[in-house]
Structures are given as structure tokens and as C-alpha cells.
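Undergrad: got a structure for you, letters missing:
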């Protein structure tokens, strides 16, 4: 079973820049160093990973401290598509 690739949408990158301004660059570094490697191996399960019920298209939430990262998984192309990033207070509005 091959690894998944991680793709960051323009919207996700814009959200990440806002988070970095609020919380510091450490959030981005931790995301890339500690969250992406397990996502590449198994994006469906892991610490802080949960499939959201009732969301169309199917969406997974990745929890990292006070931040929530949202992604969709393309099984055919083995791709994790990061779509949004928000503080937990605003994540589900």
C-alpha cells in the first residue's frame, strides 16, 4: 500500500497564514512535521483524526491543540486534500 500525497488548497494556505499570524509560525511547523507524516501513511485514522458526519463531500477533521484542519481524501489518486483551517471556536460555523 503506497503513501498518500498531501495537497494544500489555496483556501487552506490562506487560513494557515491567518493562524500563523495569530499563533506563531510554530503551528505551521508542527503541522508539517508531526501531522503530515502520519496522514501520508493512513489519513483515515490517528490521533485527532475523525470523519465528520453529515458533511458532503466526505470530510475529515484533524485536531491539533486549538486548531482544526479539514481535508478530503481521494482514494483513487491517494491524495489528502487540505481544504480549510480554523480555530476550534469558528471551525463548525
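TA: Alright, I've got the coordinates. Quick caveat, the model's predicted, so the values are computed rather than measured. Numbering: from 1, shown residues only.

Undergrad: give me the low-pLDDT residue ranges for this structure?
TA: Where the chain drops to pLDDT under 70, the residues are 1, 93.

Undergrad: remind me, longest helix of it?
TA: helix 10-23 (DSSP state H).

Undergrad: May I see the buried residues of it?
TA: Neighbour-count burial for helix 10-23, counted by 16 or more other CB atoms under 10 Å, picks out 12, 15, 16, 19, 20. Heads up, the C-betas are built off the backbone N, CA and C, glycines and all.

Undergrad: right, and the fourth one touches residue 69 too?
TA: No. Between residue 19 and residue 69 there is no contact, the gap being 9.4 Å when judged by CB atoms under 8 Å.

Undergrad: Need the residues touching each of these two.
TA: Common neighbours of residue 19 and residue 69, counting by CB atoms under 8 Å, 6 or more residues apart in numbering, are residue 85.

Undergrad: What ranges does this protein have for its helices?
TA: For the chain, the helices defined by DSSP H occupy 10-23, 26-30, 36-41.

Undergrad: got a markdown table for those, with distance to residue 77 too?
TA: Output for the helices of the chain, formatted as a markdown table (distance: least, CB to CB, whole Å):
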| stretch | distance to residue 77 |
| --- | --- |
| helix 10-23 | 17 |
| helix 26-30 | 25 |
| helix 36-41 | 13 |
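
Undergrad: Give the closest residue to the spatially most central residue of the chain in space, chain neighbours not counted.
TA: Compute the mean C-alpha point of the chain, and by CA atoms, centre = their mean the closest residue is residue 69, 3.6 Å away. Among residues not flanking residue 69 along the chain, residue 62 sits closest, at 4.3 Å (CB to CB, 6 or more residues apart in numbering).

Undergrad: Was I right to think the one you found contacts residue 73?
TA: No. Checked against CB under 8 Å, the pair residue 62 and residue 73 is beyond contact range at 11.4 Å.

Undergrad: hmm, back to that, from the buried residues of helix 10-23, which is closest to residue 51?
TA: Among these, residue 12 lies closest to residue 51 (CB to CB), at 18.2 Å.

Undergrad: what pairs with the closest residue to that closest one other than its chain neighbours across the strands?
TA: Of all residues not flanking residue 12 in the chain, residue 82 sits nearest, at 4.4 Å (CB to CB, 6+ apart). Residue 82 has the following beta-bridge partners by DSSP bridges: residue 8, residue 71.
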